[in-house]
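Engineer: Got a sequence here, can you model it:
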Amino acid sequence: MPWALLAAGALAMFAAASSGTTRAPFLLDMARDLSTSMPYVADLVAATSVSWAVAGMLAGAGSDRWGRRPFLLAGPLALTFALVGIATAPSFLLVVLWSVAAGGCSGMFTGVIFAEISSRVAEGQQGRALGWVMSGQSLTLLIGVPVAAFVGSMIGWRGVNLCIGGLAATSALGLLATTRGQPRSARATGTRPPSTRAALSWPVLRLLAMGIAERVCYGLTVVYFATFLQTTYLVSLNAVALPLAIFASGNILGTVLGGQLADKLPNRLMIYAVAMVTSGIASLALFGWRESVTMSVALGFVYVFLNAIARPAMMAALAQVPPHVRGTVMGWNVTCSSIGWMGAAGLGGWMLGLQGFAGFGVLTAVVAVIGACLALFRR
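Structural biologist: The predicted model follows:
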């Protein structure tokens, strides 16, 4: 295992995820500072997701043509400058522009990291390796947001952005030191660059659709879990921190276990299918059985633990594409993940207006079963 590369990749994923997620505790402060309304500040997430999705698609294809290293180094460094821009922006309009740029910079390297890791480990280690890198993103909920809230109480939201920019720059140095000697690009070897049509075969499209289903199920709970506890049990904002930490720990443990299972068991798509179906059952209990806040937090842990097992297996299966199109495929995976997040926010808002949280369990279970059916169809 290239542990130094995995650590650098995990730190880069942590910085990319933190660039947007850690904004959550400071929505009111940002609105007051920038003389705008809180909903406008909250909408920065959608703007960031769009630029992230587009950049992931373009950078993945570009890495197959010109090599992974330029994107792995330029992306985190550009993210650093974008976060400095957010921290020093005097107006909300400039914050919007810099936030869109930050999303694009994040998309520039997040998919490429997975392609790089996949090419540097044996097939029997890809599940674990990808799981460890993905855990960097999961740590944002467990560590990033609480630490940002604590540090931000002393240095403000602008100072927090500067700190995350420092992490992004550090990850760029780590990737600089750990990505030497990578395979040459299509241009360097004189071969014809791969086309998007060649990369996106029907099996790959099916795996990407499975990724969207998994992200929708994950996002439905991540985005709305705190609101569910607050509205169902009248949990205060301060008291919701511990349940969110327990929830995030379930995601990390599930991701690590999912990577282990993906490498130990022969059928990765079956692992995905079983994890999605069981997490769908857990979602029915989570949103349907409201006996106590303790029970709901425990069910939330179980749900996200089972859901997290699915993603490393899906990613390891996706990594089996030929190396010369792996960057393109992983870039599209980033795009599809953003689509899943936006779908979760949209479907969740629609269900809240239609049936409230009572319908969340059924909605999540239906999407989970759809993902499982995609996995089992012509395996």
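Engineer: from here on, contacts and neighbour counts on C-alpha atoms
Structural biologist: Noted.
Engineer: Give me the mean pLDDT for stretch 124-144.
Structural biologist: The average pLDDT for stretch 124-144 rounds to 83.
Engineer: what distance separates that stretch from the centre of its chain?
Structural biologist: Counting by CA atoms, centre = their mean, to the nearest Å, stretch 124-144 is centred 10 Å from the centre of its parent chain.
Engineer: now swap in stretch 324-331 and tell me
Structural biologist: That offset, for stretch 324-331, works out to 17 Å (CA atoms, centre = their mean).
Engineer: which residues touch it?
Structural biologist: Here stretch 324-331 makes contact (CA atoms under 8 Å, 6 or more residues apart in numbering) with 56-64, 68, 110-112, 114-116, 185-186, 194, 196, 199-200, 204, 318-319, 321.
Engineer: for the closest residue to residue 235 other than its chain neighbours, what are its contacts?
Structural biologist: Closest residue in space to residue 235, ignoring its immediate chain neighbours: residue 229 at 6.0 Å, by CA to CA, 6 or more residues apart in numbering. Listed by CA under 8 Å, 6+ apart, the contact partners of residue 229 are 235, 240, 293.
Engineer: Is the last one in contact with residue 233, as I believe?
Structural biologist: Yes: look at residue 293 against residue 233 with CA atoms under 8 Å: they come within range, at 6.5 Å.
Engineer: how does this protein divide up, domain by domain?
Structural biologist: Domain segmentation of the chain under automatic domain parsing yields 3-181, 200-376.
Engineer: Work out the gap between the last one and the centre of the chain.
Structural biologist: Here domain 200-376 is found 11 Å from its chain centre; the criterion is CA atoms, centre = their mean.
Engineer: Give me the mean pLDDT for stretch 87-101.
Structural biologist: 93.
Engineer: Sort out which residues of it are buried, please.
Structural biologist: Counting neighbours by 16 or more other CA atoms under 10 Å, one finds that the buried residues in stretch 87-101 are 87, 89, 92, 95, 96, 97, 98, 99, 100, 101.
Engineer: Other residues contacting the helix or strand hosting the first one?
Structural biologist: Of the helices and strands defined by DSSP states H and E, residue 87 is found in helix 69-88. With contact meaning CA under 8 Å, 6+ apart, helix 69-88 is reached by 12, 16, 19, 59, 63, 94-95, 98-99, 101-102, 105-109, 112-113, 157-159, 161-162, 164-166, 168-169, 171-173, 175-176, 179, 182.
Engineer: which helices and strands sit right next to whichever helix or strand comes after it?
Structural biologist: Tracing the chain past helix 69-88, the next element assigned as helix or strand by DSSP H and E is helix 92-120. Helix 92-120 sits against helix 3-21, helix 44-66, helix 69-88, helix 126-139, helix 323-354, with contacts defined as 3 or more CA pairs under 8 Å, 6 or more residues apart in numbering; DSSP states H and E.
Engineer: The most centrally placed residue in the chain and residue 96: what is the separation?
Structural biologist: With distances taken as CA atoms, centre = their mean, residue 137 lies nearest the centre of the chain, 6.0 Å away. Distance of residue 137 to residue 96, given as CA to CA, to the nearest Å: 23 Å.
Engineer: before we move on, what about residue 213?
Structural biologist: Look at residue 213 and residue 96: by CA to CA, they are 29 Å apart.
Engineer: Mind picking out the helix or strand in the chain with the poorest mean pLDDT?
Structural biologist: Each helix and strand of the chain was given a mean pLDDT (mean pLDDT, DSSP states H and E); the minimum falls on helix 186-189 at a mean of 49.
Engineer: follow-up on the earlier one: what's the angle from the helix holding residue 87 to helix 3-21?
Structural biologist: Interaxial angle of helix 69-88 relative to helix 3-21 (axes from the mean of the first three to the mean of the last three CA atoms, to 10 degrees): 30 degrees.
Engineer: Kindly write the ChimeraX command that selects the buried subset of the contacts of helix 69-88.
Structural biologist: The ChimeraX selection below is limited to those of the contacts of helix 69-88 classed as buried (16+ other CA under 10 Å):
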select :12,16,19,59,63,95,98,99,101,102,105,106,107,108,109,112,113,157,158,159,161,162,164,165,166,168,169,171,172,175,176,179
